[in-house]
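Colleague: starting from these lines, generate the structure:
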Amino acid sequence: MKQYSHNLTLHARSLRLRGTPAEHILWQYLRRHALGGLKFKRQHRIGRYIVDFYCGEYKLVVELEGGIHQKDSQRAYDEERFEHFRSAGYHILRIRNEEVLENMKGVLRTILERVQEPSPRNPSPKFGRGDVTQ
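Modeller: Residues are numbered from 1 along each chain as shown. Below you'll find the predicted structure:
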């Protein structure tokens, strides 16, 4: 089993404590299986990277993006990360912070639609708990 840096674990914990307002708001809709019964983790480690939200059942990575993601250096880093994830079979969903703050129902609908897309990993969605229209 691959060993992970203790510093990366501490960094993930730190990110959970000082997340952006959009991260805190979205987490209220994702935690405790609230969205369609899906289990999400927040500031989750995948290899040498930390992702904002992760649903292991569907290998879905949800990344929130603020203004820093518009910088050239950050864009290059993000593309490297996302290519690493895609090559390992993860599905990436990138959402702007503004979308979370201005259109939460649309964001939740997008997440549910993504897990409904057929793939070998997620042949049939499981729903029951949680409702986008609430």
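
Colleague: C-alpha only now, for contacts and for neighbours.
Modeller: Will do.

Colleague: what helix or strand is Leu64 on?
Modeller: According to DSSP states H and E, Leu64 maps onto strand 60-65.

Colleague: ok, residues contacting that strand?
Modeller: The set of residues external to strand 60-65 that reach it, using C-alpha atoms under 8 Å, 6 or more residues apart in numbering, is 22-23, 51-55, 90-97, 115.

Colleague: what strands flank that strand, and is each parallel or antiparallel?
Modeller: In the sheet containing strand 60-65, its partner strands are strand 49-55 (antiparallel), strand 91-96 (parallel), by DSSP bridges.

Colleague: give the buried residues for stretch 77-86.
Modeller: For stretch 77-86, burial by neighbour count (16 or more other C-alpha atoms under 10 Å) applies to 82, 85.

Colleague: please save the CA atoms from it in CSV.
Modeller: Provided in CSV are the C-alpha atoms of stretch 77-86 (Å, rounded to 0.1, in the frame of the first residue of the first chain):
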residue,chain,number,x,y,z
TYR,A,77,-1.5,23.0,-12.6
ASP,A,78,-5.2,22.3,-12.7
GLU,A,79,-4.9,20.7,-16.2
GLU,A,80,-2.1,18.5,-14.9
ARG,A,81,-4.2,17.4,-11.9
PHE,A,82,-7.3,16.7,-14.0
GLU,A,83,-5.4,14.8,-16.6
HIS,A,84,-4.0,12.6,-13.8
PHE,A,85,-7.5,12.0,-12.5
ARG,A,86,-9.0,11.3,-15.9
